[in-house]
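Asks: this is a predicted model, with the sequence first.
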Amino acid sequence: MHQSAYRAGLALSLFAGASSLALAAQPPSQPAAPDLLLGAAWYPEQWPEEVWEHDLALMEAAHIHLVRIGEFAWSRMEPREGDWQWGWLDHAIALAARHHMKVLLGTPSAAPPAWLTQAYPDTLRVSNAGVRDEHGNRQQFSFVSARYRALTHDLAERMAVRYGYNPTVVGWQIDNELAEPSFDPEAHKAFHAWLEKKYGTIQNLNQKWWTSYWSQTYSDFGQIPVHDADENPALLLNWKQFVTETWVSYVRNQAAPIRQHALPSQFITTNTMGWFDGFDGYTLHQSLDLVGWDDYETEWTDNAARHDLARGYKMKNFWVTETDPGFVNWRPNNLAHDKGEVRALAWQAVGHGADAVEYWQWRAALNGQEQYHGVIAGADGNPAPIYAEIQQIGAEFEKAAPALRETTPHAQVALLHDMPSRWAISFQKQVEGFDPVKALTAFYAPLRHMAGTVDVISPHQNLAPYTLIVAPGLNVLPQEVADHLLAWVRQGGHLVLGPRSGMKDADNALDPHLQPGPLAAALGAHVSQFYGLVQPVPLSLGQAQGSADGTVHGTGTRWAETLVPTDPATRKEGMYGPSNGWLDGAPVAVSRQVGKGEITYLSTIPDPATLETYLKTQVQNAHALSPFASLPADVEACVRRGKGHDVLVLINHARTPVTFTLPESTAAADLLTPGAPISGPVTLPGYGVRVLRLTGSHA
């Protein structure tokens, strides 16, 4: 049966039997799951039904209260076109309910079945090189294909009608790890239509893109190339924005029938991938209820930043929809976490705002591309060595859940993460080693240490909660964003701009007003020239605490700029030492009071020690210094604020024990080990964790 035939009967088959389908899928009543969930990705479609009970019993014994099901099971749901097989999924969900588990149900659009790609080859993705994908992997579909969207809409609708009123299903995951765009003819047409809607006329586009350069002038939108290569920077930025909006509409296409047919309490999410730059996560998550992200980072500070990025997408708590129980299989060297490290990373996620942590995967698949990936149970169904640690995490989550309910991190300091700026720098790095994400995390690490909690936000979000905002590379700075930032500064905020800020307008064209573009007048200074750095340059940086005269000596790395004050009220901070001659004697930073607040421009990325010393002053001046800022370097303190109490998560990310003293004002009770001493020296073993309920506010 072809698409038109089975779609013609869709309404009848779905809605005539909607009541019976919903009743068939109802599980027995069950106790409410904890507010803090431990979960695992479970693939019942890969295993005989006679082993399901064994798997779920082991999960229940490990205090797992959540399973993700279905996100790769299209060929089991619909083995032939129009032949829908739901009995196995009904049974799997009912068994999960019997073992006191909730279900995150995935729409399996990331892995279309072979019959689909064979019958409809036009739904297959085309690479940047013009090669059409073949069956045998995943994500081989075109995200713009109208036919594929019709098929996935129908799939999501059938699932929503059947399981939308099932109390075991707490939410829906759309697709899986949205990633690669398609460059097929349908994508070409869609991109050209998108450009025409945005710019109106080809003449306007030519002017905005400065296409007189290299004789790129177009006479028709259809002439504009569509490939992710070394093209006009305006074209590249617009392509990324088009890809973002296309993924948004792709997600909405499946979310719409779910919202129509499912309980309002069933949230909709997808699982994104940390610093992935294929689309703008802030834009994508506007259409979703909950942020879910897949956490496979190993370095704890960068992991902290990724958690704060996930929380910043919607300024709400989030779920870790995947993380590895020990190791992965896709790096050059796939080393196992140390014993105890998986537990430490789970609690780190919770400390940063995760209300669920799900492991990928529960049981090792006998074949397929990820045979060597870490698991909780082996291919034989018996617990893997990590099982005991997972079991400990689950038991601890249950203990701490009541105190963590309705708590979330609160920050006074924000780090601006702007995807157009990040893309623009990535297109034209100028220096091979200039990675915009590494530049961002260079600022994040000391801010996190000093302020305790940092929100990683878009410049379009609400700025009112913050006293200090740091924008390390706000390269693309449209007037409306500048106005938004300036209004916040005038009300008393302190804005610290980093190098490469304010170079470009919304079309990725150079701003003729010089950096920082629309903020130059308020700053009372501009950048006369920029310099990519391979070797560090010497500098002294004033207005920094940590030395007798308020000056710290260090180096500038990756990038440097010559700042020229244009207003007598603008203060110079620090000075470059002798290097290339052009920077010698130029100020490293400048600041100017604007209304009740202040703007600072820092023209380089100082070495880590110098940057930390400098930013400590900014954090202190913003009255945002954490009471836990003096803890040892590898000890992380995460605070979640609630109504009437806070929860402090202390984690030792080092292999070796560490002893420290908490601030005297910390009145607390240990949630994991009731009655454990709080006052006096605190010793955490290697990868040790303590979770404390605090009286009052300590954020």
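Replies: That came in fine, so what should we check first?

Asks: dump the residue contacts of residue 187.
Replies: 126, 142, 143, 144, 181, 226, 246 (C-beta atoms under 8 Å, 6 or more residues apart in numbering). The way it works is simple: take the backbone N, C-alpha and C, and place the C-beta from them, glycine included.

Asks: what about 7 Å?
Replies: If you count contacts by C-beta atoms under 7 Å, 6 or more residues apart in numbering, residue 187 has them with 142, 144, 226.

Asks: so how far is residue 127 from it?
Replies: As defined by C-beta to C-beta, to the nearest Å, residue 187 lies at a distance of 11 Å from residue 127.

Asks: tell me if I'm right that residue 147 and residue 121 touch.
Replies: No. Judged on C-beta atoms under 7 Å, residue 147 makes no contact with residue 121 at a distance of 10.2 Å.

Asks: more neighbours, these two?
Replies: Neighbour totals were compared for residue 147 and residue 121, and residue 147 leads with 16 against 12 (other C-beta atoms under 10 Å).

Asks: so the more buried one sits in a helix?
Replies: Yes. Counting by DSSP: H, G, I helix; E, B strand; the rest coil, residue 147 is part of a helix.

Asks: just to revisit the earlier point, format the contacts of residue 187 as CSV; extra columns: pLDDT, distance to residue 375 and neighbour count.
Replies: Listed next are the contacts of residue 187 as CSV, based on pLDDT from 0 to 100; distance: C-beta to C-beta, whole Å; neighbours: other C-beta atoms under 10 Å:
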residue, pLDDT, distance to residue 375, neighbour count
142, 97, 32, 26
144, 98, 35, 25
226, 86, 41, 21
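
Asks: so, low pLDDT: which residues of this structure?
Replies: Within the chain, the segments meeting pLDDT under 70 span 1-34, 228-229, 543-550, 666, 696-699.

Asks: roughly how far does residue 561 sit from residue 429?
Replies: Here residue 561 is placed at a distance of 16 Å from residue 429 (C-beta to C-beta).

Asks: of the two, who's got more company?
Replies: Using other C-beta under 10 Å as the criterion, residue 561 and residue 429 rank with residue 561 on top: 25 against 14.

Asks: so the more buried one sits in a helix?
Replies: No. Under three-state DSSP, residue 561 sits outside any helix and is assigned strand.

Asks: show me where the stretch 1-150 of the chain has its strands.
Replies: 37-41, 66-69, 102-106 (DSSP state E, counting those that start in this stretch).

Asks: that's a helix at residue 193, yeah?
Replies: Yes. Under three-state DSSP, residue 193 sits within a helix.

Asks: what about it, neighbour count?
Replies: If you count neighbours by other C-beta under 10 Å, residue 193 ends up with 13.

Asks: which one is it nearest to, not counting chain neighbours?
Replies: Spatial nearest neighbour of residue 193, chain neighbours left out: residue 221 (7.8 Å); criterion: C-beta to C-beta, 6 or more residues apart in numbering.

Asks: also residue 375?
Replies: Spatial nearest neighbour of residue 375, excluding adjacent residues (C-beta to C-beta, 6+ apart): residue 364 at 4.5 Å.

Asks: spit out the contact partners of the one you found.
Replies: The contact partners of residue 364, taken as C-beta under 7 Å, 6+ apart, are 371, 375, 378, 379.

Asks: the strands of the stretch 1-150 of the chain: which one's closest to residue 403?
Replies: Residue 403 sits nearest to strand 37-41 of all the strands of the stretch 1-150 of the chain, at 15.3 Å, using C-beta to C-beta.

Asks: just how off-centre is that closest one within its chain?
Replies: Relative to the mean C-alpha coordinate of its chain, strand 37-41 is positioned 19 Å out (C-alpha atoms, centre = their mean, to the nearest Å).

Asks: one more: stretch 628-638?
Replies: Averaging C-alpha positions (C-alpha atoms, centre = their mean) puts stretch 628-638 23 Å from its chain's average.

Asks: what's the span of that stretch, first residue to last?
Replies: End-to-end distance of stretch 628-638: 9 Å, with C-alpha to C-alpha, to the nearest Å as the criterion.

Asks: contacts for it?
Replies: For stretch 628-638, contacts defined as C-beta under 7 Å, 6+ apart pick out 300, 304, 348, 351-352, 409, 449-450, 452, 648-654, 658, 660, 663, 684.

Asks: buried set for it?
Replies: Within stretch 628-638, the residues that count as buried by 16 or more other C-beta atoms under 10 Å are 628, 629, 631, 634, 635, 636, 637, 638.

Asks: stretch 336-352 now?
Replies: Within stretch 336-352, the residues that count as buried by 16+ other C-beta under 10 Å are 337, 340-352.

Asks: so who does the residue nearest to residue 193 touch?
Replies: Counting by C-beta under 7 Å, 6+ apart, residue 221 touches 192, 195, 196, 202.

Asks: I'd guessed the first one sits against residue 220; true?
Replies: When you say that, I think you mean residue 192. No. Residue 192 lies out of contact with residue 220 (C-beta under 7 Å); the separation is 8.7 Å.

Asks: who has more neighbours, these two?
Replies: More crowded of residue 192 and residue 220, by other C-beta under 10 Å: residue 192, with 17 against 9.

Asks: got a list of what the more buried one touches?
Replies: Each residue near residue 192 by C-beta under 7 Å, 6+ apart is listed here: 221, 222, 224.

Asks: residue contacts, residue 484?
Replies: Counting by C-beta under 7 Å, 6+ apart, residue 484 makes contact with residue 459.

Asks: hang on, the earlier thing: go through the contacts of residue 187 and name the one nearest residue 332.
Replies: Nearest member of the contacts of residue 187 to residue 332, counting by C-beta to C-beta, is residue 142, at 30.5 Å.

Asks: and residue 636, that's in a helix?
Replies: No. Judged by three-state DSSP, residue 636 forms no part of a helix; its state is strand.

Asks: give me the beta-bridge partners of it?
Replies: Counting by DSSP bridges, residue 636 is bridged to residue 651.

Asks: start at 17 instead
Replies: OK, 17 is where the count begins now, so the last one is residue 652.

Asks: for residue 331, see how far away it is.
Replies: Here residue 652 is placed at a distance of 21 Å from residue 331 (C-beta to C-beta).

Asks: what do you get for residue 502?
Replies: In this structure, residue 502 and residue 331 are 22 Å apart, going by C-beta to C-beta.

Asks: which of these two has more neighbours?
Replies: Neighbour tally, residue 502 and residue 331, criterion other C-beta under 10 Å: the higher count belongs to residue 502, 20 against 15.

Asks: what sits closest to that one if chain neighbours are left out?
Replies: In space, and not counting its chain neighbours, residue 502 is closest to residue 538: 5.8 Å by C-beta to C-beta, 6+ apart.

Asks: which ones are touching that neighbour?
Replies: Residues in contact with residue 538 (C-beta under 7 Å, 6+ apart) are 502, 610, 615.

Asks: what is the nearest of the contacts of residue 237 to residue 640?
Replies: Distances from residue 640 to those, taken by C-beta to C-beta, are shortest for residue 211, at 42.8 Å.
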